[in-house]
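[1] Give me a model of this one.
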Amino acid sequence: CFKDFGMRPVINLLSYFAELRSRPITLLVSTTGDTGPAAVHAVNDASNPLLTILVHYPHGQISDFQRKQLTTLQSNYVKVASFEGGGDDMDWPFKETLLSS
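    Numbers count the residues shown, from 1 in each chain. Below you'll find the model as predicted:
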């Protein structure tokens with residue numbers, strides 16, 4: 001609950017700085033719980049074309065309710081994809097992506 005509550009101010013700050021610097025920000029997220037949906041909805045509600053989010057979740061390892069929270073939102077600022085494996089299986093690809101940037 002506390003991470004979800006804190007998500008909105010963090011997203012609002014990121015949106016503010018993306019606008020201030022006129023630079024796009026894309027959040028790369030992997031989730032196995034409630035924090036992913038909170039981030040998705042916060043980014044969508046920010047309605048800033050400079051702020052987008054790409055969320056990954058492990059197929060079959062989150063509840064149907066959580067999956068629907070992620071996958072039923074129609075937004076130009078949000079992309080969601082599932083992957084095969086466990087929640088920690090995205091750590092290495094994310095680290096490699098960030099290090100190669």
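[2] which residues does the residue nearest to residue 47 when sequence neighbours are not counted contact?
    Take residue 47 and drop its neighbours on the chain: the residue closest to it by Cβ to Cβ, 6 or more residues apart in numbering is residue 77, 7.3 Å away. C-beta coordinates here come from the backbone N, C-alpha and C atoms, glycine included. Listed by Cβ atoms under 8 Å, 6 or more residues apart in numbering, the contact set of residue 77 reads 43-44, 46-49, 51-53.
[3] Show me the residues you listed that map onto helices.
    Under the assignment DSSP state H, those contribute 43-44, 46 to helices.
[4] circling back: by neighbours, which of the contacts of residue 77 wins?
    residue 43 (27 neighbours; other Cβ atoms under 10 Å).
[5] Could you pull up the contacting residues of that one?
    11, 27, 51-53, 75, 77-78.
[6] okay, and the helix or strand of this structure with the least pLDDT?
    Sorting the helices and strands of the chain by mean pLDDT, DSSP states H and E puts helix 91-100 at the bottom, at a mean of 83.
[7] From the contacts of residue 43, which land in strands?
    27, 51-53, 78 (DSSP state E).
[8] So which elements touch the biggest helix by length in the chain?
    Ranked by residue count, the top helix of the chain under DSSP H comes out as helix 2-21. Using 3 or more Cβ pairs under 8 Å, 6 or more residues apart in numbering; DSSP states H and E, the elements in contact with helix 2-21 are strand 25-30, helix 35-46, strand 51-58.
[9] If we use 6 Å, what do you get?
    Judged by 3 or more Cβ pairs under 6 Å, 6 or more residues apart in numbering; DSSP states H and E, the packing partners of helix 2-21 are helix 35-46, strand 51-58.
[10] out of these, which comes closest to residue 68?
    Residue 68 sits nearest to helix 35-46 of all the helices and strands packed on helix 2-21, at 9.0 Å, using Cβ to Cβ.
[11] buried set for the closest one?
    By 16 or more other Cβ atoms under 10 Å, the buried positions in helix 35-46 come out as 35-44, 46.
[12] could the residues you listed go into CSV alongside pLDDT?
    Listed next are these as CSV, based on pLDDT from 0 to 100:
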residue, pLDDT
35, 88
36, 92
37, 92
38, 92
39, 94
40, 95
41, 94
42, 95
43, 97
44, 97
46, 97
